[in-house]
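>>> sequence and predicted structure below; questions after.
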2 protein chains.
Amino acid sequence: MHGEIIAIGDELVAGRVRNTTSSFAAGQLFQAGYRLDCITTIGDDAGAIKTSLLTAVGRSAFVIVTGGLGPTSDDMTSEAVAAALGRGLVLNKEVLKKIEAEKGRWGGTPGRMLEKLAILPDGAEFLNPDGRAAGYLIIERGVFIFCLPGVPDELEYLFMNQVIPRLNNAFGSRFAARQRTFKTFGLQETEINALLEWRIRDMEWIKIGYYPSFPEVFITISMMDPDNGAADRRFASACSTIEAALAENLIGADEDTQESMVGKLLLEKGATLAVAESCTGGLLAHRITSVAGSSLWFERGVVSYSNRSKEEMLGVLLETIANFGAVSRNTGIEMADGAKRIAGSTYSIAVTGFAGPGGGTPHDPVGTVYIAIGAPESTFCQRFSFQGSRCAIQTMSAETALDWLRRYLKYDADIYSH
Amino acid sequence: MHGEIIAIGDELVAGRVRNTTSSFAAGQLFQAGYRLDCITTIGDDAGAIKTSLLTAVGRSAFVIVTGGLGPTSDDMTSEAVAAALGRGLVLNKEVLKKIEAEKGRWGGTPGRMLEKLAILPDGAEFLNPDGRAAGYLIIERGVFIFCLPGVPDELEYLFMNQVIPRLNNAFGSRFAARQRTFKTFGLQETEINALLEWRIRDMEWIKIGYYPSFPEVFITISMMDPDNGAADRRFASACSTIEAALAENLIGADEDTQESMVGKLLLEKGATLAVAESCTGGLLAHRITSVAGSSLWFERGVVSYSNRSKEEMLGVLLETIANFGAVSRNTGIEMADGAKRIAGSTYSIAVTGFAGPGGGTPHDPVGTVYIAIGAPESTFCQRFSFQGSRCAIQTMSAETALDWLRRYLKYDADIYSH
């Protein structure tokens, strides 16, 4: 069953706002077994809305229109959709009453703006009239036209609770989509392609894609097959072939992240972690604590930005900093040892480096980062040279540190190299 | 001068990857004075590429085609573009030689894949043949067709260094785009609309948009006018009207962020900051240290995830935690005082709360967060109730903490309320 999305908003074609809602909708449609042929992004322009909508209605079974449904003066989708379909605009008094009854949720929004939310094209069916997220459905010559707000959480709510169930009722996909995203770190896109290509050559039933998602590379496989055991076995076989080929470069699949895998491995060992950060400035701790339940294995973090804080909080010797510098192997080791000692944790990670744009020395220019892992057996430290902006260097530092600990915990590798 | 973008990739229509490159390109085009009518996103499908390209060539002065130019087996844009335009494919030996000379940059990529990068539609002009980012330009019946890689940094490089200069040479826009994005926190989109609408009613020369960008709301104004002083004055007048109306809810404009504004205000006072984080887990320190030069005003951060770390690192009394809980006004105050004391900083921020999904008590459910500001005069603490996922609660907590400190530093407000 083929469909398309029309995303409306001057902010989208002027590049002021990223079109994340279309990506969300596209992903959900794919997983529910529907095929999306096209996403058309246009401005708040009645003519463009009309052209796109009529083209879409002429060739697709369903159309998702997003954006421009709000109460503010730049919102004009309902008017344009009504005009394109030759329908009038009607004030739905029942909905208006509900909106006005919950004025509190709308803060200081004037009544005239609230009224706008209840004016829809003739024949439209309100989706979720009781909630704040107000979208609607029009069926035009058998084509389902869903008009949805562009605000991410409102769209997501309506998509999951209204759009997908109604599409399933109307079109009931007989095919099941299977899809998995493998996340890797340490190999280039082309290296992975070369590694996998000959192994999956005969599996013509899967579709494979390679997507750099800095600093990781994702590999996605998908298949659209009847919902039965044979298809499941084929899919599982493709997955294990890919997993074996990627080996230790594989972080995990789908919702897995470096930090969630580190947490899983620590929990299996009954071990805990502390971190000491200089140039990553809290990014490492933030990634770790974004994992629900991380308090079971994460003890504490220190963002030792000043030299004094490295001494006072981690016990790094001022002589070490004076002799070798705050960005050095010796300081990295003492930071990792200090974090492990003060936290009483099993493992620790320390990061010290020059993230730029200022700082750095001729010998250790911006991008030089020392990463240390404190383990029960010993403390290891390596020097890395990263490239790019401050943000890119911070991102690569945190990623490399988590990746190293993940490999160390999983493969007992005491040397990290790629 | 009107143009459009055709973004190609199965990963885009299946929602696996967000189309950030189109947003980037759209923003740059707008700022250079070009008008983008449409962004069409389609899969790796020769038929869809042909239809979209021919439609675009028939109605636009320029077309930006992105994605599908890489060396891996799923990349097929060059073939499809050549077929759509009735052109052959030609191996450019000079370019191939350059690519092969720099094999090192391509890691373990096989030669056969590198060759693919040098095969282009007949008549295409290579853009940047010496670099890794290889796009090309085809001029078809006077229409400029730029084919660019979908990888963000490669596209961005070519866009700024090739596409915009070549469009300017060919079409030389006489109009200058002026655009500013105001960032606010503390008001709803509709409240801002109501606040601004009557004030800018007579300024029909500007275009205004309202965009929630959780947890902030952005207001963008733009105008496309001749490049002269009168237009500059009109734009400046609109900006100051909006700034005055938004008052303390205005964080800043364009590149400004809560953290950069806090840094600016601290530097003006010659003051420093330390943070103590529990439920935000490093997010606050990460946002602060993402500001270049933050080492001038940020002294240290503590991610005191365990109770023991709150006691050992910040001097929070174990009795306080036992009597009032780790998530309480008293603990928040002691964390802020402790951070200020150990760091010797002028100001401090402390955050302790339940980010979920687990945790919380009947009286303080998930979403309850205490934020404390340590100032030279006194230490203040407020209780907040946030909603949503773990990530949403962490985001709101960090944003609210930074916003409070920004207002406190700027307006000497000792009570924070909105």
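Cool, got the structure.
>>> and the helices in the stretch 201-350 of chain A?
Taking DSSP state H, counting those that start in this stretch as the test, the helices found in the stretch 201-350 of chain A are A:229-246, A:258-269, A:283-289, A:307-314, A:318-324, A:329-343.
>>> is chain B contacted by the fourth one?
The reference is to helix A:307-314. Yes. Judged by C-beta under 8 Å from any C-beta of the partner chain, helix A:307-314 and chain B are in contact via A:Arg308, A:Ser309, A:Glu312, A:Met313. Every residue, glycine included, has its C-beta placed from N, CA and C.
>>> could you dump those residues to JSON lines with neighbour count and pLDDT?
What follows is the residues of helix A:307-314 next to chain B, written out as JSON lines (neighbours: other C-beta atoms under 10 Å in any protein chain shown; pLDDT from 0 to 100):
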{"residue": "A:Arg308", "neighbour count": "16", "pLDDT": "94"}
{"residue": "A:Ser309", "neighbour count": "23", "pLDDT": "95"}
{"residue": "A:Glu312", "neighbour count": "16", "pLDDT": "95"}
{"residue": "A:Met313", "neighbour count": "23", "pLDDT": "95"}
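>>> pLDDT weak spots in chain A?
For chain A, the stretches flagged by pLDDT under 70 are A:103-109, A:130-133, A:173-175, A:413-418.
>>> can you list the helices of the stretch 201-350 of chain A in TSV and add distance to B:Ala372?
Listed next are the helices of the stretch 201-350 of chain A as TSV, based on distance: least, C-beta to C-beta, whole Å:
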stretch	distance to B:Ala372
helix A:229-246	46
helix A:258-269	27
helix A:283-289	19
helix A:307-314	20
helix A:318-324	31
helix A:329-343	23
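>>> how is chain A carved up into domains?
In the assignment given by automatic domain parsing, the structural domains of chain A cover A:2-171, A:177-253, A:258-411.
>>> ends of stretch A:302-318, what's the gap?
Terminal residues of stretch A:302-318 lie 18 Å apart, using C-alpha to C-alpha, to the nearest Å.
>>> list the beta-bridge partners for A:Phe146.
A:Ile64, A:Leu137 (DSSP bridges).
>>> that one touches A:Leu137, doesn't it?
Yes. Judged on C-beta atoms under 8 Å, A:Phe146 makes contact with A:Leu137 at a distance of 5.5 Å.
>>> what about the two, which has more around it?
A:Phe146 (23 against 18; other C-beta atoms under 10 Å in any protein chain shown).
>>> report the contact partners of that one.
Contacts for A:Phe146 were tallied using C-beta atoms under 8 Å, 6 or more residues apart in numbering or on different chains; they are A:Phe62, A:Val63, A:Ile64, A:Val65, A:Leu127, A:Gly135, A:Tyr136, A:Leu137, A:Gln162, A:Val163, A:Arg166.
>>> any idea how far A:Leu267 is from chain B?
A:Leu267 is 15 Å from chain B, where distance means C-beta to the nearest C-beta, to the nearest Å.
>>> I should have written A:Phe126 there, sorry.
A:Phe126 is 19 Å from chain B, by C-beta to the nearest C-beta.
>>> so what secondary structure elements neighbour the host helix or strand of that residue?
In this assignment (DSSP states H and E), A:Phe126 forms part of strand A:125-127. Using 3 or more C-beta pairs under 8 Å, 6 or more residues apart in numbering or on different chains; DSSP states H and E, the elements in contact with strand A:125-127 are strand A:135-140.
>>> follow-up on the earlier one: and the domains of chain A as JSON lines, adding distance to B:Ile206?
Shown next, in JSON lines, are those (distance: least, C-beta to C-beta, whole Å):
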{"stretch": "domain A:2-171", "distance to B:Ile206": "12"}
{"stretch": "domain A:177-253", "distance to B:Ile206": "36"}
{"stretch": "domain A:258-411", "distance to B:Ile206": "32"}
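>>> pick the most deeply packed of these.
Comparing the domains of chain A by mean neighbour count (mean count of other C-beta atoms under 10 Å in any protein chain shown), domain A:258-411 comes out on top with a mean of 21.
>>> flag every residue of the stretch 101-250 of chain A that's near chain B.
Applying C-beta under 8 Å from any C-beta, we find that the stretch 101-250 of chain A lies next to chain B at A:106-110, A:113, A:151-153, A:179, A:181, A:187-191, A:193-194, A:197, A:207-214, A:218, A:220, A:222.
>>> which ones among the residues you listed lie within strands?
A:Gln179, A:Thr181, A:Lys207, A:Ile208, A:Gly209, A:Tyr210, A:Tyr211, A:Pro212, A:Ser213, A:Phe218, A:Thr220, A:Ser222 (DSSP state E).
>>> the strand holding A:Phe126: partners in the sheet, and parallel or antiparallel?
Each strand paired with strand A:125-127, and its direction, by DSSP bridges: strand A:135-140 (antiparallel).
>>> can you list contacts of the partner strand?
Applying C-beta under 8 Å, 6+ apart, the set of residues contacting strand A:135-140 is A:57, A:69, A:81, A:85, A:87, A:120-121, A:123-128, A:144-149, A:154-155, A:158, A:162, A:166.
>>> apply 7 Å and report the result again.
Applying C-beta atoms under 7 Å, 6 or more residues apart in numbering or on different chains, the contact partners of strand A:135-140 are A:57, A:69, A:85, A:120-121, A:123-127, A:144-149, A:158, A:166.
>>> report the central residue of chain A.
Residue closest to the mean C-alpha point of chain A, counted by C-alpha atoms, centre = their mean, is A:Glu255 at 9.2 Å.
>>> give me phi/psi at that residue?
phi -80, psi -10 (degrees, to the nearest 10).
>>> contact partners for it?
A:Glu255 neighbours (C-beta under 7 Å, 6+ apart): none.
>>> same question for A:Gly281.
A:Gly281 sits next to A:Val303, A:Tyr305, A:Gln394, B:Ala285, B:His286, B:Thr289 when contact means C-beta under 7 Å, 6+ apart.
>>> A:Thr280 too?
A:Thr280 makes contacts with A:Val351, A:Gln394, A:Ser397, A:Ala398, as judged by C-beta under 7 Å, 6+ apart.
>>> correct me if wrong: the second one contacts A:Leu283.
Yes. A contact is recorded between A:Gln394 and A:Leu283 when judged using C-beta atoms under 7 Å, the distance being 5.5 Å.
>>> can you lay out the residues of helix A:307-314 next to chain B as CSV showing distance to A:Thr77?
As requested, the residues of helix A:307-314 next to chain B are arranged in CSV below (distance: C-beta to C-beta, whole Å):
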residue, distance to A:Thr77
A:Arg308, 57
A:Ser309, 53
A:Glu312, 58
A:Met313, 54
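>>> closest to chain B out of those residues?
Checking the residues of helix A:307-314 next to chain B against chain B with C-beta to the nearest C-beta, the nearest one is A:Ser309 at 3.8 Å.
>>> quick one: the nearest residue to that closest one once chain neighbours are set aside from A:Ala339, how far?
Nearest non-adjacent residue to A:Ser309, counting by C-beta to C-beta, 6 or more residues apart in numbering or on different chains: B:Arg300, 3.8 Å away. As judged by C-beta to C-beta, to the nearest Å, B:Arg300 and A:Ala339 stand 13 Å apart.
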